[in-house]
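> generate a structure from the sequence data that follows.
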Amino acid sequence: MDNQDDSIQIQELEKTNRILRKKLERCESERRQLETDICTKEFLLKKVICELEDSRTDLQHRGQKLENTLDSLHKMQAQMIQSEKMSALGQMVAGIAHEINNPVSFIYGNLSYISQYTHDLLRLVQLYHRHFPNPPAEIQTERKTVDLEFLEKDAIMVLNSMNIGTERIRDIVLSLRNFSRLDESEFKPVDVHEGIENTLMILQHRLKATDKSPEIQIIRDYGNLPNVECYAGQLNQVFMNILVNALDALEEFNAKRTYREIRDNPSRITILTSVVDSQWVKIAIADNGSGIPESIQKQIFNPFFTTKPVGKGTGMGMAISYQIITEKHGGKLEFLSTLGKGTEFMVKIPIQQQVSEII
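Next up, the predicted model:
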């Protein structure tokens, strides 16, 4: 009886064991399937994360590219506006110079005749006086009234002054026409010194002494330069921008100094030109103003950057000058500045242009 019961229990245990083993196998299979599913989902999740990161990076690159494009468009728009303004200004200057030149040439051309006629009349009056020393009382009275002796001397001086004045106007008109150079839309060999002098002529009113400050000295140290192939009008624009900035800096510096300090250390602009390596010309324009703070020196050539009051500067002068020198002429525009000592701008352009290499 006991053996039979034991046999039954063993059979039940074996049956239970088989059931448990099947359940264990099924659980093990489910565990392996679950692990496989987890691995698959982890792989897919990593792939999605990687794709999202790539998409984010791509969006960042596109966003940066769009910002750069927008910035370039803003710069191009500003440069186009400034170029249009300079073109309009050049046309206006050339037109004014032409309109002034016609009547001035007429006056200048007739001054020699007027001078000759005046000398002839005065000589005739002297002959009358020599041969008729005692004219009627009415003539003597009129002679005293007009002060003939003074008139004879002053008439010659007035004519000389008129001649000097008209020559001065002709020089200014010539400088204006040479400065605008509207007819030169391509590279031409030009005299750089002439362009500098024309620019200085136009700025002459800012160099003269006033009741507030003495004259601003111009120190020329010109080298023996050959004619340089360039866009003459654009190069003159660069000279104008640099010189105007130098004058503004000197005026701002002088406003903080006494008349005696300015007299003891007068304001000056030094212009030095030279040939470099027989292939380049260098034009250095330096002032002895207060200098540019180091904190803003990296922004000097940035569009729209200016330290001038609102309405006095657009912040485009140096940016356009940099573009003219580097892009249009394949040259370099650099500067050195020391606080309390001044600033020097250096323009370096090739003597002969390789047009095909310049974009």
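> for Ile285, name its beta-bridge partners.
Counting by DSSP bridges, Ile285 forms beta bridges with Ile271, Phe345.
> okay, now it: neighbour count?
Using other Cβ atoms under 10 Å, Ile285 has 22 neighbouring residues. Just so you know, the C-beta spots here come from the backbone N, C-alpha and C atoms, and that holds for glycine as well.
> what's near enough to touch it?
Each residue near Ile285 by Cβ atoms under 8 Å, 6 or more residues apart in numbering is listed here: 239, 242-243, 246, 269-271, 344-345, 347.
> what is the distance between stretch 210-226 and the centre of its chain?
Chain-centre distance of stretch 210-226: 20 Å, with Cα atoms, centre = their mean, to the nearest Å.
> quick one: buried residues of that stretch?
213, 216, 218, 225 (16 or more other Cβ atoms under 10 Å).
> check contacts around the second one.
In this case it means Ile216. By Cβ under 8 Å, 6+ apart, Ile216 lies in contact with 206-207, 247, 250, 266-269.
> so which of the residues you listed is the closest to Asn160?
Asn160 has its nearest neighbour among these in Leu207, at 25.0 Å by Cβ to Cβ.
> ok, the closest one touching Met201?
No - counting by Cβ atoms under 8 Å, Leu207 stays clear of Met201, with 9.9 Å between them.
> and the strands in the chain?
Assigned by DSSP state E, the strands in the chain fall at 188-190, 217-221, 228-230, 268-276, 280-287, 332-338, 342-350.
> now for the third one, which elements pack on it?
Pointing back at strand 228-230 there. Counting contacts by 3 or more Cβ pairs under 8 Å, 6 or more residues apart in numbering; DSSP states H and E, strand 228-230 is packed against strand 188-190, strand 342-350.
> among these, which is the most enclosed?
strand 342-350 (a mean of 21; mean count of other Cβ atoms under 10 Å).
> kindly export that one (C-alpha atoms) in PDB.
Taking C-alpha atoms only, strand 342-350 is exported to PDB below (Å, rounded to 0.1, in the frame of the first residue of the first chain):
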ATOM      1  CA  GLY A 342      47.100 108.900 -32.600                       C
ATOM      2  CA  THR A 343      46.100 106.600 -35.400                       C
ATOM      3  CA  GLU A 344      47.700 105.600 -38.700                       C
ATOM      4  CA  PHE A 345      45.800 104.100 -41.600                       C
ATOM      5  CA  MET A 346      47.800 102.200 -44.200                       C
ATOM      6  CA  VAL A 347      46.500 101.600 -47.700                       C
ATOM      7  CA  LYS A 348      48.400  99.100 -49.800                       C
ATOM      8  CA  ILE A 349      47.500  98.400 -53.400                       C
ATOM      9  CA  PRO A 350      49.300  96.800 -56.400                       C
END
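> who are the packing partners of that strand?
Judged by 3+ Cβ pairs under 8 Å, 6+ apart, the packing partners of strand 342-350 are strand 228-230, helix 232-254, strand 280-287, strand 332-338.
> what do you get if the cut-off is 6 Å, keeping everything else the same?
If contacts are counted by 3 or more Cβ pairs under 6 Å, 6 or more residues apart in numbering; DSSP states H and E, strand 342-350 sits against strand 280-287, strand 332-338.
> just to revisit the earlier point, dump the strands of the chain to TSV, plus distance to Ile164 and mean pLDDT.
Below are these laid out as TSV (distance: least, Cβ to Cβ, whole Å; pLDDT from 0 to 100):
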stretch	distance to Ile164	mean pLDDT
strand 188-190	29	89
strand 217-221	21	94
strand 228-230	33	92
strand 268-276	26	95
strand 280-287	30	96
strand 332-338	38	93
strand 342-350	34	95
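> looking at those, which is nearest to Tyr322?
strand 332-338 (5.1 Å).
> re earlier: redo the helices and strands packed on strand 228-230 as TSV? Include distance to Leu45.
Compiled in TSV, these are given as follows (distance: least, Cβ to Cβ, whole Å):
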stretch	distance to Leu45
strand 188-190	68
strand 342-350	59
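> list the contacts for Gln353?
187, 229 (Cβ atoms under 6 Å, 6 or more residues apart in numbering).
> got the confidence number for the residue lying closest to Ile172 once chain neighbours are set aside?
Closest residue to Ile172 apart from its sequence neighbours, by Cβ to Cβ, 6 or more residues apart in numbering: Met201 at 6.3 Å. In the predicted model, Met201 carries a pLDDT score of 86.
> tell me how far Met201 lies from Ser321.
Relative to Ser321, Met201 is positioned 20 Å away (Cβ to Cβ, to the nearest Å).
> more neighbours, those two?
The residue with more neighbours, out of Met201 and Ser321, is Ser321; 23 against 17, by other Cβ under 10 Å.
> hang on, Asn236 packs against Gly195?
Yes - Asn236 is within contact range of Gly195, at 4.8 Å (criterion: Cβ atoms under 6 Å).
> what about Val192, neighbour count?
Neighbour count of Val192, defined by other Cβ under 10 Å: 24.
> next one: Gly340
9.
> coming back round to it: most neighbours among the contacts of Ile285, which one?
In terms of neighbours by other Cβ under 10 Å, these top out with Ile242 at 28 neighbours.
> isn't that residue right up against Met346?
No - checked against Cβ under 6 Å, the pair Ile242 and Met346 is beyond contact range at 9.8 Å.
> quick one: contacts for the most centrally placed residue in the chain?
For the chain, Met318 is the residue whose C-alpha lies nearest the centre (Cα atoms, centre = their mean; 2.7 Å). Residues in contact with Met318 (Cβ under 6 Å, 6+ apart) are 300-301.
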